[in-house]
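[1] Fold the following for me, if possible:
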Amino acid sequence: MKVVIHRDIFGDTFTKGKLSIDGVYFCHTIEDIDRKLEAVGCSHKVQNVTCIPRGSYQVIIDHSQHFGKDMLHVLNVPCFDGVRIHSGNDSADTEGCVIVGYDDSTPTKDWIANSRPAANDLQTKINAAIVAGHTITLEIL
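    Numbers count the residues shown, from 1 in each chain. The predicted structure is shown next:
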């Protein structure tokens, strides 16, 4: 399964995008500020307010000590540890993770909504693919 996040809105405190699964739009995303770490390196990372570098990553589901439950985990992200895809509403909820939501009625604002259903549905789809023996790849553009 290929999950793609296409970042398309770059605000002062946030980065928004659209997430697709195998080429089909699924939901909106919100992340921290894009400091283009893939080009400039880890020294430009600002702790808890920088989104992860563009690239391709494997996604698994495992237990998060921080959240106390099984969650989507993005592996081997340069400059980052413990990157998750989860629910939330704005860039303050990310700390470098990816927040998903179904509603982005204010695209120029640091806010998305209907996040819990989007996160739950995404995890359900990815879990089914993992159970079926598929590798999950996240590509961030």
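[2] which stretches of this protein form strands?
    2-10, 15-21, 24-31, 55-64, 69-74, 83-86, 98-101, 136-140 (DSSP state E).
[3] State the pLDDT value of the residue nearest the centre of the chain.
    The centroid of the chain falls nearest to Val98 when counting by Cα atoms, centre = their mean (2.5 Å). Val98 carries a pLDDT value of 98.
[4] Who does the residue lying closest to it once chain neighbours are set aside form a beta bridge with?
    Sequence neighbours aside, Ile85 is the residue nearest to Val98 in space, at 4.6 Å (criterion: Cβ to Cβ, 6 or more residues apart in numbering). Yep, even glycine has a C-beta here, placed from its N, CA and C like the rest. Under DSSP bridges, the beta-bridge partners of Ile85 are Leu72, Val98.
[5] Kindly provide the distance from Ile85 to Asp12.
    As judged by Cβ to Cβ, to the nearest Å, Ile85 and Asp12 stand 23 Å apart.
[6] Quick check: which of the strands of the chain is buried the most?
    Burial of the strands of the chain is given as mean neighbour count (mean count of other Cβ atoms under 10 Å); strand 98-101 ranks first at a mean of 26.
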